[in-house]
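Trainee: Next one to model:
(one chain, ligands or ions: 1)
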Amino acid sequence: MTMSAQPQPEPVVKNVGPIILLGPPGAGKGTQAKRIAARYGIPQISTGDLLRDNVARGTPLGRRAKETMGRGELVSDDLVNQMVDYRLQDEDCARGFILDGYPRTLGQAEWLEDFLEHHGVAGHVCGRPLVMSITVGYNELLHRLSGRLSCPTCGRIYNVHSQPPRADKLCDVDGSALITRPDDREEVIAERLKSYERQTLPLVEFYKQRGELLELHGARPAEEVFAEALKAIEHKA
Ligand code: AMP
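Mentor: Numbers count the residues shown, from 1 in each chain. Sure thing, here's the model as predicted:
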């Protein structure tokens, strides 16, 4: 079921602070981030989307990241941190923001912790982040990623098995032809899942030790995961 067809309720205007979504590729971070962003009228900052946009525009950053992304490996911390630093200066981040796919290494997590503590966001001091880690089993991830289709215009995500678009390979929202991301090819998927295990999974412990982690079981309908995420956000805000 896609969520776009129904009219969206007005965003709830309140400060929610930084929200970090952790989880392997295919866990549903993008789907949840979009819902939370719409609910509170705060930006979804997906480093994957920012990088893909740079690649598509052929910027110097995009040219440096393209090959690494094509192999399913992580782009260097320096490049990604700089990109996030720049994005967090924007005024739309003042009430809160959702980091989707960032941080992904201990180096990035440490950089972000220092940044939030010492620089603030868009000129405002912001509180401690709420970190939600979405967990999904390996076989389910493979199934999801190999059937994933994305809309190049609005970013909506579909799945040929579980969330097909109404018309064959066309976005329900804007009618764009849906695409398979180059890194959703099977040989690259395995590498992306390996990078996650090696480099990103240690962050679960990093945030657990700080008492900032909530684990969400992601192998459920997106609606249920969203309801649990909202409860945690409301509890913290
Ligand atoms: P995603 O859309 O989040 O799955 O990201 C797609 C690709 O972009 C990843 O496989 C990486 O090559 C790159 N990427 C996205 N976010 C990061 C990050 N935080 N650190 C390093 N590389 C990233």
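
Trainee: make it CA atoms for all contacts and neighbour counts henceforth
Mentor: Fine.

Trainee: Find the nearest non-adjacent residue to the most centrally placed residue in the chain, please.
Mentor: In the chain, the centroid-proximal residue (C-alpha atoms, centre = their mean) is Asp100; its distance is 2.3 Å. Distance criterion C-alpha to C-alpha, 6 or more residues apart in numbering; nearest residue to Asp100, sequence neighbours excluded, is Ser46 at 4.6 Å.

Trainee: residues in contact with that neighbour?
Mentor: With contact taken as C-alpha atoms under 8 Å, 6 or more residues apart in numbering, Ser46 is in contact with 30, 99-102.

Trainee: Gly137 too?
Mentor: Ala219.

Trainee: got a pLDDT number for it?
Mentor: As predicted, Gly137 sits at a pLDDT of 94.

Trainee: ok, it to Ala190 distance?
Mentor: Distance, Gly137 to Ala190, by C-alpha to C-alpha, to the nearest Å: 14 Å.

Trainee: What of Glu205?
Mentor: Counting by C-alpha to C-alpha, the gap from Glu205 to Ala190 is 23 Å.

Trainee: Pick out whichever of the two has more residues nearby.
Mentor: Comparing Glu205 with Ala190 by other C-alpha atoms under 10 Å, the one with more neighbours is Ala190, at 15 against 11.

Trainee: of the contacts of Ser46, the lowest pLDDT goes to which?
Mentor: Gly30 (91).

Trainee: What helix or strand is that residue located in?
Mentor: Assigned by DSSP states H and E, Gly30 belongs to helix 29-40.

Trainee: Kindly report the same for Gln82.
Mentor: Per DSSP H and E: helix 77-87 holds Gln82.

Trainee: residues making contact with the helix or strand following that helix?
Mentor: Counting by DSSP H and E, the next helix or strand C-terminal to helix 77-87 is strand 96-100. Residues outside strand 96-100 that contact it (C-alpha under 8 Å, 6+ apart): 15-22, 29-30, 33, 37, 42-47, 126.

Trainee: Turn the contacts of Ser46 into a markdown table, including distance to the ligand.
Mentor: Listed next are the contacts of Ser46 as a markdown table, based on distance: C-alpha to the nearest ligand atom, whole Å:
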| residue | distance to the ligand |
| --- | --- |
| Gly30 | 8 |
| Leu99 | 9 |
| Asp100 | 7 |
| Gly101 | 5 |
| Tyr102 | 4 |
